[in-house]
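> A structural model of the following input is requested.
(one chain, ligands or ions: 1)
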Amino acid sequence: MENATHGRMRGVTIVKPIVYGTVARLLSEKREDGHTHSWTLFLQSLEGEDMPYIHQVEFRLHDSYHTPTRIVTKPPYQVSETGWGEFEAGVKVIFIDQNERPVQFYHPIKLFGEDPDKVPVIYQTYDEFVFIDPS
Ligand SMILES: O=C(Nc1ccc(C(=O)N2CC(c3nccs3)C2)s1)[C@@H]1CCCN1
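Residues are numbered from 1 along each chain as shown. From the prediction side, this is the model:
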């Protein structure tokens with residue numbers, strides 16, 4: 001039943017903790033194309049629970065990658081590639097609820113850690129989706 005506020009829950013704020021980032025590993029063999037690492041750019045909920053409120057996640061890689069915009073429509077929301085260097089990747093999260101504007105942010109593809117003994121190189125950011133007066 002639609003409530004009196006045109007479908008929105010006035011005064012309600014829903015907070016969904018998330019984590020996004022990269023995991024990178026050195027490739028075991030030298031490659032003709034000069035690629036030195038494999039990496040995965042991911043977005044997940046903090047506790048690993050489902051995120052049924054997401055329609056799709058667009059990962060925007062450096063233009064030198066084939067098909068630099070990777071659209072993922074079901075979990076796990078991640079993209080895995082190989083490469084030789086670090087760059088900023090874009091992430092655009094589009095929600096099921098079309099009243100919610102997409103969320104866009106950037107995250108470095110980080111291959112090189114401070115401590116060479118720490119493998120894989122994990123570089124992640126804790127954040128949250130905040131839905132105010134959700135539908
Ligand atoms: O490294 C950097 N930018 C990078 C962009 C893309 C990179 C990469 O790794 N790859 C492109 C992909 C391809 N392979 C074959 C054809 S395209 C493998 S690296 C900057 C430069 C200074 C500091 N960081």
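> C-alpha from now on. contacts and neighbour counts both.
Noted.
> State the number of residues packed around Y126.
Applying other C-alpha atoms under 10 Å, we find 12 residues neighbouring Y126.
> three-state assignment of it?
strand (DSSP: H, G, I helix; E, B strand; the rest coil).
> For it, report the pLDDT, please.
Predicted confidence (pLDDT) for Y126: 98.
> How much space separates the residue nearest the centre of the chain from M51?
Central residue of the chain (C-alpha atoms, centre = their mean): L43, 3.3 Å from the mean position. Distance, L43 to M51, by C-alpha to C-alpha, to the nearest Å: 10 Å.
> How about the contacts made by the nearest residue to M51 once chain neighbours are set aside?
Spatial nearest neighbour of M51, chain neighbours left out: S45 (6.9 Å); criterion: C-alpha to C-alpha, 6 or more residues apart in numbering. By C-alpha atoms under 8 Å, 6 or more residues apart in numbering, S45 lies in contact with K16, P17, I18, V19, M51.
> which residues in this protein form strands?
Counting by DSSP state E, the chain has strands at residues 13-26, 37-45, 54-60, 69-72, 77-83, 87-95, 103-109, 121-132.
> quick one, which of these is nearest to the ligand?
strand 77-83 (3.2 Å; C-alpha to the nearest ligand atom).
> So L27 is in contact with E81, correct?
No: counting by C-alpha atoms under 8 Å, L27 does not reach E81; the two are 11.4 Å apart.
> Between those two, which contacts overlap?
By C-alpha under 8 Å, 6+ apart, the residues touching both L27 and E81 are S38.
> what separates S38 from P116, distance-wise?
16 Å.
> More neighbours: which of those two?
Ranked by neighbour count (other C-alpha under 10 Å), S38 and P116 place S38 first, with 17 against 9.
> How about the more buried one: what's its closest non-neighbour residue?
Nearest one to S38, counting by C-alpha to C-alpha, 6+ apart, is T82 at 4.1 Å.
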